[in-house]
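**Student:** A structural model of the following input is requested.
(chains A, B, C and D)
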There are 2 protein chains.
Amino acid sequence: MEDGMTPEGGAKPSRIQLRNRKRILDAALDVFSMHGFRGATLDQIAEASGLSKPNILYYFAGKEEIHVTLLNGLMDTWLDPMREIDPGGEPLEEILRYVHRKLEMSRAFPRESRLFANEILQGAPMIGAGLVSDLKPLVDETAALIESWAAAGRLKPVDGRHLIFSIWSTTQHYADFDAQLQALMDGRDVHGEASVFLDALYRRTLAV
Amino acid sequence: MEDGMTPEGGAKPSRIQLRNRKRILDAALDVFSMHGFRGATLDQIAEASGLSKPNILYYFAGKEEIHVTLLNGLMDTWLDPMREIDPGGEPLEEILRYVHRKLEMSRAFPRESRLFANEILQGAPMIGAGLVSDLKPLVDETAALIESWAAAGRLKPVDGRHLIFSIWSTTQHYADFDAQLQALMDGRDVHGEASVFLDALYRRTLAV
DNA sequence: CCACTTTTTTACCAAATGGTAAAACCACGA
DNA sequence: TCGTGGTTTTACCATTTGGTAAAAAAGTGG
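**Tutor:** Predicted structure coming up:
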């Protein structure tokens, strides 16, 4: 009931709404991932999306809502590779598969990686709660799994949480610090080399 | 010659100038490292430094000059640990010492780490040139040293550049993504654990 | 074709922000 | 103590930015 003016409310979004919200979110991902939340402007998002600024504010209540919508929509995708670690699988295989999937995501979705990096760098003002509610249980569980593998002698002893952090940092580094890599690696196949390097790094660290 | 009004020019800065420039740079480090360049405002820097905004602009030509001054002043300090790798030392020792010094820097100077992280994330618009001129030669040289060690059989075979990247990312992660760690590690001694973990990670990866 | 709803545009604001001009203030050597 | 040059404040701008009101322009079902 109520809600007859804005697309905010609950029911069935029209085709136009679906299309335009998608356009806006994609443009916003471009802009936010390049300039950070405070550095991004609605005018840039408007320009990039091909819609006018007031028209954008017809679909989203404000700049912050666009950002939060992006963050929430991506959180799940971002955590998927970790969820797919199979407790019944071969430990080393499972972890290496996770590493390679994370590296591949940083290659295929650098904007998403930078969006998160920016948000965390600023102290996670908008998804701080989500980190605790969504991320923490998954990390706790995965770390426990890894350490149970180690305890069973199927991996070298290792701190599960710090292993996870190191995988995040080494893989996302290739997306987040791309500007640095571009300056240092003239024309090399950065991701190809990274794949080989990280495979060896974690194999040597974990293989019994 | 010339220069009789502003503290810009060349000669001997007065005690007041020295003190106030230091105040401004310290306040700016706080603000820039928290909000990024575009998210930081001169008013915030003014408030944090205890000086008025026009007073700040008496010492620095503009917001960007403050940022660039910070970045340039820190670049050297930031690279020092890598410079101190001793080609005549024991390879594994040298690299582990480098790892621990980087980790210690991320613990002692998180603001500096975030300042750089922000700048690189935005595409290094202000120090892009410095990366190529200062950083690249050092990285090239160090990577070559590491690989010569490996070729001599004193380390396991490894890609020098990617090893360096992994050291940067794993150590700086603890400063740059502190908000995430706070959400995930309730009350743990994060840096102490990290030191143990990283020692094992690189020891297993490199020890022959 | 008409009435009614959704979408888009036009024309604006108020606040924030980087920056400036010029007067007032202060330190300190002659 | 007086002048002089470095320092700080006061009073402003012009632009940018997030956001709004309301009219115009599509759609859309009957």
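
**Student:** can you list contacts of the lowest-mean-pLDDT helix or strand in chain A?
**Tutor:** Lowest on mean pLDDT, DSSP states H and E among the helices and strands of chain A sits helix A:128-130, with a mean of 90. Helix A:128-130 is contacted by residues A:71-72, A:75, B:179, B:183 when judged by Cβ atoms under 8 Å, 6 or more residues apart in numbering or on different chains. C-beta coordinates here come from the backbone N, C-alpha and C atoms, glycine included.

**Student:** run the last query once more with 7 Å
**Tutor:** With contacts defined as Cβ atoms under 7 Å, 6 or more residues apart in numbering or on different chains, helix A:128-130 is touched by A:75, B:179, B:183.

**Student:** swap in stretch A:16-30?
**Tutor:** Contacts of stretch A:16-30 (Cβ under 7 Å, 6+ apart): A:7, A:45, A:48-51, A:56, A:59-60, A:66, A:69-70, A:111, A:115.

**Student:** cool, stretch A:45-57 as well?
**Tutor:** A:20, A:23-24, A:27-28, A:30-31, A:42-43.

**Student:** Can you list which of those residues are found in helices?
**Tutor:** A:20, A:23-24, A:27-28, A:30-31, A:42-43 (DSSP state H).

**Student:** Now the phi/psi pair for A:D189, please.
**Tutor:** For A:D189, the backbone dihedrals (degrees, to the nearest 10) come out as phi -90, psi 80.

**Student:** pLDDT score for it?
**Tutor:** Looking at A:D189, its pLDDT reads 96.

**Student:** need the contacts of helix A:128-130 in a markdown table with pLDDT, can you?
**Tutor:** Listed next are the contacts of helix A:128-130 as a markdown table, based on pLDDT from 0 to 100:
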| residue | pLDDT |
| --- | --- |
| A:M75 | 93 |
| B:A179 | 95 |
| B:A183 | 94 |
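
**Student:** Of the residues you listed, which is the most crowded?
**Tutor:** B:A183 (21 neighbours; other Cβ atoms under 10 Å in any protein chain shown).

**Student:** If we go by neighbour counts, what in the helix or strand containing that one is buried?
**Tutor:** B:A183 is part of helix B:178-184 when elements are defined by DSSP states H and E. By neighbour count with 16 or more other Cβ atoms under 10 Å in any protein chain shown, helix B:178-184 contains the buried residues B:178-184.

**Student:** and which of the contacts of helix A:128-130 is nearest to DNA strand C?
**Tutor:** DNA strand C lies nearest to B:A179 out of these, by Cβ to the nearest atom of the strand, at 21.2 Å.

**Student:** quick one: buried residues of the following helix or strand past the helix holding B:A183?
**Tutor:** Downstream of helix B:178-184, the next assigned helix or strand under DSSP H and E is helix B:190-206. Neighbour-count burial for helix B:190-206, counted by 16+ other Cβ under 10 Å, picks out B:190, B:193-195, B:197-198, B:200-202, B:204-206.

**Student:** what subset of those is also close to chain A?
**Tutor:** B:193-194, B:197, B:201, B:204-205 (Cβ under 7 Å from any Cβ of the partner chain).

**Student:** Turn those into CSV, including pLDDT.
**Tutor:** Conversion of these to CSV gives the following (pLDDT from 0 to 100):
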residue, pLDDT
B:E193, 98
B:A194, 98
B:F197, 98
B:L201, 98
B:R204, 98
B:T205, 98
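
**Student:** now, which of those residues sits nearest chain A?
**Tutor:** B:F197 (3.8 Å; Cβ to the nearest Cβ).

**Student:** Would you mind giving the domain segments of chain A?
**Tutor:** What automatic domain parsing lists as the domains of chain A is A:15-61, A:71-206.

**Student:** quick check, the shortest one touching DNA strand C?
**Tutor:** This means domain A:15-61. Yes: legend: contact between domain A:15-61 and DNA strand C by Cβ under 7 Å from any atom of the strand is shown at A:16-17, A:20, A:51-55, A:58.

**Student:** same thing with the longest one?
**Tutor:** No: among the residues of domain A:71-206, none lie within reach of DNA strand C under Cβ under 7 Å from any atom of the strand; the closest is 14.2 Å away.

**Student:** returning to what we had before: ok, so of the contacts of stretch A:45-57, who is nearest chain B?
**Tutor:** A:V31 (11.7 Å).

**Student:** follow-up on the earlier one: which neighbouring elements make contact with the helix holding B:A183?
**Tutor:** helix A:136-151 (3 or more Cβ pairs under 7 Å, 6 or more residues apart in numbering or on different chains; DSSP states H and E).

**Student:** buried residues in the helix it packs on?
**Tutor:** Buried-residue list, helix A:136-151, by 16+ other Cβ under 10 Å: A:136, A:139, A:142-143, A:145-147, A:149-150.

**Student:** ditto for stretch A:102-114
**Tutor:** Neighbour-count burial for stretch A:102-114 [16+ other Cβ under 10 Å]: A:102-103, A:105-107, A:109-114.

**Student:** cool, stretch A:42-55 as well?
**Tutor:** Neighbour-count burial for stretch A:42-55 [16+ other Cβ under 10 Å]: A:42, A:44-46, A:48-49, A:51.

**Student:** Out of those, which is nearest to chain B?
**Tutor:** A:Q44 (11.4 Å).

**Student:** That closest one: what's it in contact with?
**Tutor:** Here A:Q44 is in contact with A:V31 (criterion: Cβ under 7 Å, 6+ apart).

**Student:** rewinding a little: indicate which one of the domains of chain A is closest to B:Q122.
**Tutor:** Nearest to B:Q122, of all those, is domain A:15-61, at 6.6 Å by Cβ to Cβ.

**Student:** Is there proximity between the closest one and DNA strand D?
**Tutor:** Yes: under the criterion of Cβ under 7 Å from any atom of the strand, DNA strand D is reached by domain A:15-61 at A:15-16, A:40-43, A:53-54, A:57, A:61.
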